[in-house]
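Chemist: everything below, folded, please.
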Amino acid sequence: MMPNLLCALLMVWAVITINCLLSLGLVWLAWQMWLLRRAFVATVRAVDGWTLACQNGLAPAPSAIMQVQRSAHAATATYRATAQKLQKIYSLLLTVQRVYVRLQPRGKRGKR
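Modeler: Reported below is the predicted structural model:
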């Protein structure tokens, strides 16, 4: 009878040991899952913050872009008008030069 009792006790201890090891392994796994969840939550919060910062930073952009476009169109129009005026002044100066050259006596034309 004694060997059966010893065998039974060893089996009980083996089952208890296996259960304890399984429990410790599952507690460790639960802890790792909890840490992973915390990391995911922190990542989601960071990405949400970045998204909000981008949205807040880019919200005034369309009106600013429109203002820059209007300014660019105005500057282009001003440039064209100024270029036309300069072209007229240049033409006038060329005409004055031609008239001046024609009014010069022939001997002074080549000398400067």
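Chemist: would you mind measuring from Lys85 to Pro60?
Modeler: For Lys85, the distance to Pro60 (Cβ to Cβ, to the nearest Å) stands at 37 Å. All C-beta atoms are positioned from the backbone trio N, CA, C, and that covers glycine.
Chemist: can you pull out the helices in this structure?
Modeler: Applying DSSP state H to the chain gives helices spanning 2-58, 61-103.
Chemist: could you export the ones you listed as JSON lines, including mean pLDDT and mean neighbour count?
Modeler: As requested, those are exported to JSON lines (pLDDT from 0 to 100; neighbours: other Cβ atoms under 10 Å):
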{"stretch": "helix 2-58", "mean pLDDT": "92", "mean neighbour count": "10"}
{"stretch": "helix 61-103", "mean pLDDT": "92", "mean neighbour count": "10"}
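Chemist: ok, now how distant is the residue nearest in space to the middle of the chain from Ala64?
Modeler: Geometric centre of the chain, nearest residue: Cys54, 8.2 Å, by Cα atoms, centre = their mean. Separation of Cys54 from Ala64 (Cβ to Cβ): 15 Å.
Chemist: how about Leu86?
Modeler: Relative to Ala64, Leu86 is positioned 32 Å away (Cβ to Cβ).
Chemist: repeat for Leu22
Modeler: When Cβ to Cβ is the yardstick, Leu22 and Ala64 sit 63 Å from each other.
Chemist: what's the answer for Leu93, then?
Modeler: Leu93 is 42 Å from Ala64, where distance means Cβ to Cβ.
Chemist: cool, Asn19 as well?
Modeler: Here Asn19 is placed at a distance of 67 Å from Ala64 (Cβ to Cβ).
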